[in-house]
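Peer 1: below are the sequence and a predicted model for it; my questions follow.
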Amino acid sequence: VDQTYIMVKPDGVQRGLVGEIISRFEKKGFKLTGLKLFQCSKELAEEHYKDLKGKSFFPKLIDYITSGPVVCMAWEGVGIVASARKLIGATDPLQAEPGTIRGDLAVQTGRNVVHGSDSPENGKREIALWFNEAELCQWNPAQASWLRE
Ligand code: GTP
Ligand code: MG
């Protein structure tokens, strides 16, 4: 089963969108396995976005992600990585389709309210980066047999 790291960015927390964003994944039928409010260090933000090191916006991105608390989430489900990216929508919220999180709730790339892993490998990597093993729960949601035949 695939895992993805979803994070409500500081603007999403400040704007009171935490419940709304969690709700989108919860209603879809994915399984939450980790959840915390967290103020991250510059080092952690840089490690998380290491593939973007060297981009002109990188320093601004690190300032943004460390500017306030974020909500860290681990989610699990068949095909979840690509599906979560669809639920989140395009990086630029003005290009994101209505109905997606960014399409409905944001207007600018530098304030796009939520992160989602871009591959199953990065899903695993990012969950391990943001969570300790003890913070993750393996459990069997009661609705499982109503979600999949
Ligand atoms: P994440 O889910 O946050 O990883 O977004 P993404 O996968 O849709 O985009 P990408 O990984 O390419 O970029 C990571 C984040 O960097 C984006 O979500 C933006 O917050 C920020 N970012 C990307 N491109 C730009 C840019 O051109 N300008 C600014 N200010 N920020 C950018
Ligand atoms: Mg990305």
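Peer 2: Now that the structure is in, tell me what you want to look at. Numbers count the residues shown, from 1 in each chain. Ligands and ions are numbered 1, 2, ... in the order given.
Peer 1: if we ignore the residues flanking it in sequence, what's nearest residue 47?
Peer 2: If the residues on either side of it in the chain are set aside, residue 47 comes closest to residue 129, at 6.2 Å by Cβ to Cβ, 6 or more residues apart in numbering. For glycine as for every other residue, the C-beta is placed from the backbone atoms N, C-alpha and C.
Peer 1: how about residue 97?
Peer 2: With Cβ to Cβ, 6+ apart as the criterion, residue 97 has its nearest non-adjacent residue at 4.8 Å, and that residue is residue 103.
Peer 1: helix, strand or coil for the nearest residue in space to residue 111 that is not next to it in sequence?
Peer 2: Leaving aside its chain neighbours, residue 111 sits nearest to residue 11 (4.6 Å; criterion: Cβ to Cβ, 6+ apart). The assignment at residue 11 comes out as helix when based on DSSP: H, G, I helix; E, B strand; the rest coil.
Peer 1: next, the contact list for residue 74, please.
Peer 2: In this structure, residue 74 makes contact with 3, 4, 5, 6, 32, 33, 34, 35, 127, 130, 131, 136, judged by Cβ atoms under 8 Å, 6 or more residues apart in numbering.
Peer 1: which SS state does the fourth one fall under?
Peer 2: Assigned by three-state DSSP, the conformation of residue 6 is strand.
Peer 1: count of residues packed around it?
Peer 2: Applying the criterion other Cβ atoms under 10 Å, we find 29 residues in the vicinity of residue 6.
Peer 1: in helices, which of the contacts of residue 74 fall?
Peer 2: Among these, the ones falling in helices (DSSP state H) are 127, 130.
Peer 1: quick revisit: for the residue nearest to residue 97, which three-state class applies?
Peer 2: helix.
Peer 1: could you count how many residues lie near it?
Peer 2: Burial of residue 103 is recorded as 16 neighbouring residues (other Cβ under 10 Å).
Peer 1: also residue 79?
Peer 2: The tally of other residues near residue 79 (other Cβ under 10 Å) stands at 11.
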